[in-house]
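1. Got a sequence here, can you build the structure:
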Amino acid sequence: MIFRRPGMLLAAALLLSAPSFAKTPTSDASIQQTHAATLAEIVVTAEKRHQPLLDVPAAVSVVTGSTLQTAGIDSTESLQQLVPTLTFERGSTNSNATLAIRGIGTQSFSPAAEPSVDVVIDGVVMGRPGMAFGAFTDINRIEVLNGPQGTLYGMNATAGVINIVTPNPTRKFEGSASVAWYEGHEYHAQLNLSGPINNHIGYQVSAIYQDFPGNIYNVYDHRQTNGYRRQGIRGKIVDDISSTLKLTLEGNYYHSDDHCCADVLGAYIPDAAWTNVFLPELKPSTPGPNALNINNDFTPRQINTNAGVSGTVEWQVGNDTLTSITAFQRWYNYQGRDGDFHSGCCSYVMPLDIKLHDRGGLDYKEYSEELRLASPADQFLSYTVGAFAWHT
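-> The predicted structure is shown next:
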């Protein structure tokens, strides 16, 4: 679905109309040095250790949280607008939508299919594609690794990895809130809080709420569809127990109720089979390239609930870092769609009511444990040794 955002259009117009000013000539060498310094300041964990982006021997695209906010990107689905190698293909439901990197991905009608693009949030693997599609809470950065990453990320990273990192608690209290309204009565709201509990324990909490009635009109029940209502919260507590030991506890909950996605009839073939059956039942919806009406007696619906907890222990053993990530994630998915695309019986041609109403439910649980030992990246011989256990 494509929504117009007047605020973003206005910002673009102001940018284009801004006056130009004379600039002091700068040499190519100084530009390159400034650019290199800027890139070197970006620290990533693409290879399971903290290191500057310029030192990572892999094709990595990094999008910071401030860039996401400026561009109005608030979900995995729209991340492709900032990462050229990433594409999103919506299926009839969340469970069979897909992310692809460099054109490689997995799309299947089976909700049990495992992805080719691994989505990892704060070190926790999302085992099914539908778990990754939702609104962002507060984001520090997103690292997109292009190409096979199976050595460090396992079998579901044959096309690449989307590594999402959320912010750590701040040393003093900080808070922010935002409310946005877009045409079509679409509302987004977000609240972020962060600060210390005592000298060595801090917290970070982020909550979101989004509502959109939809951009497709159903003439059957006179309601808008292809809309959504979403809310979620993610919290983190970090305890710097000592200079060599840190404990991080995280919890997340996300619920979405999407009336999506209804299929409009943009074109039809007059002499095709069943055209004379279905076409009369679609009225008063009119087929055409600009069609925004449907006539369905079964409103499409997707309900997703993601919830989970994780605990991360980081222990400095000499110069190396020993990391343990223990996690539990649960994903509930309900999906329903009108597969016959019409609302009534087919009495125009024959006394037969062809109905194809798809319904399906999924209750998915995963338990994971990752244990690894990583050396500093700047020494002569660097290494990462680890083990990963996963039960679904």
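2. can you map out the helices along the stretch 1-150 of the chain?
-> 6-17, 28-40, 65-71, 150-153 (DSSP state H, counting those that start in this stretch).
3. List the contacts of the spatially most central residue of the chain.
-> In the chain, the C-alpha nearest the mean C-alpha coordinate belongs to T76, at 2.4 Å (Cα atoms, centre = their mean). T76 sits next to F88, L99, V119, A132, F133, G134, F136, I162 when contact means Cβ atoms under 8 Å, 6 or more residues apart in numbering. In this view, the C-beta of every residue, glycine as well, is placed from N, C-alpha and C.
4. Just name the closest of those residues to A207, please.
-> F136 (11.9 Å; Cβ to Cβ).
5. My read is that the closest one contacts S75, right?
-> Yes. Contact criterion Cβ atoms under 8 Å: F136 and S75 qualify, at 6.1 Å.
6. Of these two, which one has the most company?
-> F136 (22 against 15; other Cβ atoms under 10 Å).
7. how close does that one get to A100?
-> Using Cβ to Cβ, to the nearest Å, F136 is found at 20 Å from A100.
8. E47: how many residues sit nearby?
-> 20.
9. That one contacts P376, doesn't it?
-> No. Look at E47 against P376 with Cβ under 8 Å: they stay out of range, at 11.8 Å.
10. tell me which strands and helices the helix or strand harbouring D257 is in contact with?
-> D257 is located in strand 245-259, with elements delineated by DSSP states H and E. Contact partners of strand 245-259 among helices and strands, from 3 or more Cβ pairs under 8 Å, 6 or more residues apart in numbering; DSSP states H and E: strand 227-240, strand 301-317.
11. Now do it against strand 227-240, angle only.
-> 180 degrees (axes from the mean of the first three to the mean of the last three Cα atoms, to 10 degrees).
12. Any idea what N192 is bridged to?
-> S176, S206 (DSSP bridges).
13. That one and G105: what is the separation?
-> Taking Cβ to Cβ, one finds N192 at 31 Å from G105.
14. and what of R229?
-> Taken as Cβ to Cβ, the span from R229 to G105 is 28 Å.
15. cool, and S176?
-> Going from S176 to G105 by Cβ to Cβ gives 34 Å.
16. Looking only at neighbour counts, state which of the two leads.
-> G105 (21 against 12).
17. count of residues packed around the closest residue to that one other than its chain neighbours?
-> Excluding the flanking residues, the one nearest G105 by Cβ to Cβ, 6 or more residues apart in numbering is T98, at 4.5 Å. Counted with other Cβ under 10 Å, residues neighbouring T98 total 20.
18. how about T98, what does it touch?
-> F88, E89, G91, G105, T106, Q107, P115, V117, P129.
19. Mark which of those are buried, thanks.
-> Buried by 16 or more other Cβ atoms under 10 Å: F88, G91, G105, T106, Q107, P115, V117, P129, out of the contacts of T98.
20. what two of the residues you listed are the furthest from one another?
-> G91 and V117 (14.5 Å).
21. tell me the pLDDT at T64?
-> According to the prediction, T64 has pLDDT 88.
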